[in-house]
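[1] Just to be clear, the model below is a prediction. Sequence and coordinates:
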Amino acid sequence: MSEPDGKLEQQIEEIDDGALQELLEEGPEAPEEKLREAVGEGVGRVRYDGAIKYEFTVKLRSQGKRLDQYLVERLGQYSRSLIQRIIKIGAAEVNGRKVRPSYHIKKGDFIRIWVPEITVELPVAENIPLDILYEDPYFVVVNKPPGMVVHPAKGHWRGTLVNALRYHLEKLSEVAGSLRPGIIHRLDRDTSGVIVVAKDDLAHVGLALQFEHRKVYKEYHALVVGEPDRDSDYIEKSLGHHPTHREKMAVRDERDGGKPAQTYYEVIERFRGFSYVKAVPLTGRTHQIRVHLAHIGCPVLADKAYGGRRELRLSELEGRECPLEEDTMLIERQALHAYRLRLRHPITNKEMEFVAPLPDDFARTLEALRKHRSKRKPGP
């Protein structure tokens with residue numbers, strides 16, 4: 001599902017600890033050849049141009065936090081994994097001595113850390129077709145196809161929405177930085193539908209504030225496995241990072257790091273073994289709709305992470321066996337679509353609504369469910 005775009009988080013895994021140690025010891029004069037050898041080069045890749053030093057004195061409000069957590073909050077452009085590695089190789093000190101990433105800081109602690117200086121190459125413009133639902137001088141609304149990553153990140157330097165936007169639009173807002181120009185909120189890679197992109201910096205700030213203050217109405221449509229007990233309800237369960245799977249989220253108590261999350265759902269249509277539902281997230285947590293629907297026993301169809309299955313074929317609905325080459329693939333990604341979005345124009349304050357038609361795979365699956373899993377009673 002969508003979420004407001006936060007601090008720039010660089011996921012840096014390519015550089016080994018030995019090269020990192022040498023880089024930090026060399027400081028700003030580290031030779032470019034060594035950096036290239038340690039990291040490699042490529043379009044959109046992160047480069048390291050020396051090391052810089054930061055110093056902090058811990059305030060009372062931060063007392064008790066882990067050192068790595070505190071430093072990630074202060075240095076949001078670096079991932080937690082990189083901060084932990086920097087601490088472990090001794091490039092961070094508390095009161096002049098080396099400590100572990102799990103060290104709990106105290107008021108008055110003096111922290112010194114050396115980190116690689118980061119420069120980022122701009123995403124390359126690519127001629128990728130876009131379904132533009134609306135455009136004016138201030139922002140553009142796109143119907144994002146399934147399978148498209150929103151912005152460049154580790155493993156996805158090409159083929160993203162940002163790469164396409166750079167080709168089709170002359171200007172994008174710079175508020176979110178060079179890797180995420182114009183990006184105000186996100187959709188998961190396999191979630192299709194409405195996404196808003198800013199062209200103007202002032203418009204970006206106005207739109208971002210609407211998302212941050214929950215003034216934007218977001219409506220998703222989903223096909224789910226199973227049938228909810230109620231025709232409509234609110235799911236109120238705090239969400240946080242999964243305790244063992246770093247890429248997943250989970251229902252977590254607030255004392256375990258969970259943050260309040262609320263989703264309203266309504267059943268649009270019921271089938272035998274499946275349902276078509278509308279979901280309206282009242283908060284914007286990562287994977288919120290997917291986790292909440294799975295929590296009530298109705299995971300999004302073909303959601304491998306939270307439902308355990310990655311596809312649906314026609315033969316399964318028909319209740320027959322057939323050779324794979326004769327079968328029809330209905331959908332092979334999570335059946336979740338950002339259907340409707342309502343907000344106010346950041347400049348004119350006029351209320352606006354955008355609707356993205358259901359994509360082909362979603363519509364095809366819905367039609368197959370109506371044909372083969374309908375609950376309608378046969379006529380006389």
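    Cool, the structure landed.

[2] Where does R61 sit: helix, strand or coil?
    helix (DSSP: H, G, I helix; E, B strand; the rest coil).

[3] how near is it to I289?
    33 Å (Cβ to Cβ, to the nearest Å). All C-beta atoms are positioned from the backbone trio N, CA, C, and that covers glycine.

[4] if you count what's nearby, which of those two comes out ahead?
    I289 (28 against 8; other Cβ atoms under 10 Å).

[5] So that one: helix, strand or coil?
    I289 ends up helix, using three-state DSSP.

[6] That one contacts T263, doesn't it?
    Yes. If you go by Cβ atoms under 8 Å, I289 and T263 touch, sitting 5.9 Å apart.

[7] Now for these two: what residues contact both?
    279, 281 (Cβ atoms under 8 Å, 6 or more residues apart in numbering).

[8] Isn't P145 up against S192?
    Yes. Between P145 and S192 a contact is recorded at 5.9 Å, counting by Cβ under 8 Å.

[9] Give the residues shared as contacts by these two.
    P359.

[10] And those two? Which one has more around it.
    S192 (29 against 17).

[11] Now do the SS call for Y339.
    Y339 is classified as strand under three-state DSSP.

[12] Report the separation between it and G182.
    22 Å.

[13] Looks like I331 contacts L366 (just checking).
    No. Using Cβ under 8 Å, I331 is not in contact with L366, being 9.6 Å away.

[14] ok so, going back, what about Y339 and G182, which has more around it?
    With neighbours defined as other Cβ under 10 Å, Y339 and G182 compare such that G182 has more, 26 against 21.

[15] For that one, which non-adjacent residue is closest in space?
    L172 (3.8 Å; Cβ to Cβ, 6 or more residues apart in numbering).

[16] try V197
    Per Cβ to Cβ, 6+ apart, closest to V197 is G182, 4.2 Å.

[17] Mind picking out the helix or strand in this protein with the poorest mean pLDDT?
    helix 32-39 (a mean of 38; mean pLDDT, DSSP states H and E).

[18] Count the neighbours of R97 for me.
    6.

[19] separation between it and I111?
    According to Cβ to Cβ, R97 and I111 sit 11 Å apart.

[20] tally of neighbours for the nearest residue to E266 once chain neighbours are set aside?
    Closest residue to E266 apart from its sequence neighbours, by Cβ to Cβ, 6+ apart: S232 at 4.1 Å. Residues near S232, counting by other Cβ under 10 Å, number 11.

[21] Pretty sure T160 sits against K144.
    No. In this structure, T160 is not within contact of K144 by Cβ under 8 Å, at 10.3 Å.

[22] Identify the contacts common to the two.
    Shared contacts of T160 and K144, defined by Cβ under 8 Å, 6+ apart, are found at V150.

[23] Look at D68 and give its secondary structure.
    Under three-state DSSP, D68 falls in the helix class.

[24] CA atoms of stretch 302-318 as CSV?
    These are the backbone C-alpha positions of stretch 302-318, laid out as CSV (Å, rounded to 0.1, in the frame of the first residue of the first chain):
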residue,chain,number,x,y,z
ALA,A,302,-1.5,-14.1,-4.7
ASP,A,303,0.4,-12.2,-2.0
LYS,A,304,3.3,-14.6,-1.4
ALA,A,305,4.7,-12.7,1.6
TYR,A,306,1.5,-12.7,3.7
GLY,A,307,-0.8,-15.3,2.0
GLY,A,308,1.7,-18.1,1.1
ARG,A,309,0.7,-18.3,-2.6
ARG,A,310,2.0,-16.3,-5.5
GLU,A,311,-0.5,-16.9,-8.3
LEU,A,312,-4.0,-18.1,-9.3
ARG,A,313,-4.8,-20.2,-12.4
LEU,A,314,-8.1,-20.8,-14.0
SER,A,315,-8.0,-24.6,-13.4
GLU,A,316,-8.1,-24.0,-9.7
LEU,A,317,-11.4,-22.1,-9.9
GLU,A,318,-12.9,-24.6,-12.3
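
[25] For that stretch, list every residue counted as buried.
    By neighbour count with 16 or more other Cβ atoms under 10 Å, stretch 302-318 contains the buried residues 302-303, 305-307, 312-317.

[26] Low-confidence stretches in the stretch 51-200 of the chain?
    Low-confidence segments of the stretch 51-200 of the chain, defined by pLDDT under 70: 51, 77, 117-121, 154-155.

[27] those strands in it, which residues are they?
    92-94, 110-120, 132-135, 139-144, 185-186, 192-198 (DSSP state E, counting those that start in this stretch).
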